[in-house]
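*Asks:* one predicted model, sequence on top.
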Amino acid sequence: MEPTISVRALSKQYGRATVLDRVDTEIGPGVTGLLGPNGAGKTTLLRCLATTLAPDSGRIRVLGLDPATAAQRTEIRRRLGYLPQDPGHYPHFTAFELVDYVAILKEHTDRRARHREVRRVLAEVDLADRSRTKVRKLSGGMRQRLALAQALLGEPELLILDEPTVGLDPEQRMRFRALVSRLGESRTVLLSTHQTEDVAALCERVVVVNRGRVVFEGTPRQIAEQAAGQVWLSEEAPGAAARMFWRTADGRYRTLGDPPRHAVPADPTVEDGYLLLLGEPSEVAA
Ligand code: ADP
């Protein structure tokens, strides 16, 4: 079966900075995480896929369509749900009015059918009882779900979500993840994040990008396995030779790489594998 998204040798520069450097990847149904540090190129890649930015070179297919041609680009836009990083909020609209406004832009012309669809997506994100609430009175978590409701109009078979969990508190994040998991059961969801917990909790597959390149593709378990045999716990702080270590909640030190003195091995997590993949020496949030 053809993947929902396929990308070959995709490159994008801003001035002299190479932001995407010959990216190759394929994304299929289910939830895939695009994981990378700030500035890695995640938003740029998602914009190219969502057809809001043209790459300099390379080949993209989204839902079997080529965004480089005008007619196919329009068709992608019709069939795609996109949650950009800073979705516009119109504070004086009610939740219903905002989603209805977007539905009009999305060519839902029949008023009754459109209102039915607006009610459906509000229910899907658990905001049915807030439809008359002004956007400015909604919490951050509710606003994020409202933005997601807009992306769900017309039941798109592909959802692209740019950093959807940023700014959510732990309870809101858990709820948002459960919602996205459910949405991924019947479609392709590609979401970007810089948080390994999102990936571990929610994604079946993960594509790690760093400095504009894909540095890893696989399951969260496979990322964790990258760190097998290289994770250590010790009571004492490791010596100067250690490149990556941090203090854990129980007061012990977690070291990646060579074992410090008197250390015991620990099971690797997605975070361990990810930090080793990025390979930058850092004392992480000591
Ligand atoms: P991420 O989403 O992973 O944080 P971005 O795709 O937003 O990364 O950005 C990647 C790099 O491209 C960053 O160094 C950023 O400063 C740069 N960049 C992004 N957009 C522009 C732009 N419009 N003009 C110039 N540089 C940009």
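*Replies:* Cool, the structure landed. Residues are numbered from 1 along each chain as shown.
*Asks:* quick one, what contacts the residue of the stretch 151-286 of the chain found nearest the ligand?
*Replies:* Residue nearest to the ligand within the stretch 151-286 of the chain: residue 192 (6.2 Å; CB to the nearest ligand atom). Quick note: C-beta positions are derived from backbone N, CA and C, even for glycine. Contact analysis of residue 192 by CB atoms under 8 Å, 6 or more residues apart in numbering lists 33-36, 42-43, 46, 161-163.
*Asks:* make TSV from those and add pLDDT, neighbour count and secondary structure to it.
*Replies:* Shown next, in TSV, are the contacts of residue 192 (pLDDT from 0 to 100; neighbours: other CB atoms under 10 Å; DSSP: H, G, I helix; E, B strand; the rest coil):
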residue	pLDDT	neighbour count	secondary structure
33	97	27	strand
34	98	29	strand
35	97	29	strand
36	96	26	coil
42	97	24	helix
43	97	18	helix
46	98	23	helix
161	96	26	strand
162	95	22	coil
163	93	21	coil
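*Asks:* filter those down to the ones near the ligand?
*Replies:* 36, 42-43 (CB under 6 Å from any ligand atom).
*Asks:* on that earlier part again, tell me which element the residue of the stretch 151-286 of the chain closest to the ligand is part of?
*Replies:* Taking DSSP states H and E as the criterion, residue 192 maps to strand 188-193.
*Asks:* sheet-wise, list the partners of that strand with their directions.
*Replies:* strand 30-35 (parallel), strand 158-161 (parallel) (DSSP bridges).
*Asks:* what bits of the stretch 151-286 of the chain have low per-residue confidence?
*Replies:* By pLDDT under 70, the weakly predicted segments of the stretch 151-286 of the chain are 280-286.
*Asks:* still on that earlier bit, by contact count, what packs against the following helix or strand past the strand holding residue 192?
*Replies:* Per DSSP H and E, the first helix or strand lying C-terminal to strand 188-193 is helix 196-202. Judged by 3 or more CB pairs under 8 Å, 6 or more residues apart in numbering; DSSP states H and E, helix 196-202 is in contact with strand 30-35, helix 170-183, strand 188-193, helix 220-225, helix 270-278.
*Asks:* the ones you listed: which one's closest to residue 16?
*Replies:* Counting by CB to CB, residue 16 lies closest to helix 270-278 out of the helices and strands packed on helix 196-202; the figure is 23.3 Å.
*Asks:* for the stretch 51-200 of the chain, which residues are neighbours of the ligand?
*Replies:* Not one residue of the stretch 51-200 of the chain sits near the ligand, judged by CB under 6 Å from any ligand atom.
*Asks:* quick one, strands of the stretch 51-200 of the chain?
*Replies:* Using DSSP state E, counting those that start in this stretch, the strands of the stretch 51-200 of the chain run over residues 57-62, 80-83, 158-161, 188-193.
*Asks:* out of those, which comes closest to residue 200?
*Replies:* Short answer: strand 188-193, nearest of the strands of the stretch 51-200 of the chain by CB to CB, at 10.6 Å.
*Asks:* got the CA coordinates for that closest one in CSV?
*Replies:* The C-alpha trace of strand 188-193 is given here as CSV (Å, rounded to 0.1, in the frame of the first residue of the first chain):
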residue,chain,number,x,y,z
THR,A,188,-2.8,9.0,9.7
VAL,A,189,-1.7,11.5,12.3
LEU,A,190,1.7,13.2,12.1
LEU,A,191,2.5,15.4,15.1
SER,A,192,5.7,17.3,16.0
THR,A,193,7.0,17.5,19.5
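*Asks:* break the protein into its domains for me.
*Replies:* Following automatic domain parsing, the chain resolves into domains at 1-79+156-217, 86-155, 224-285.
*Asks:* now the first one: how far from the chain's centre is it?
*Replies:* Translated: domain 1-79+156-217. 7 Å (CA atoms, centre = their mean, to the nearest Å).
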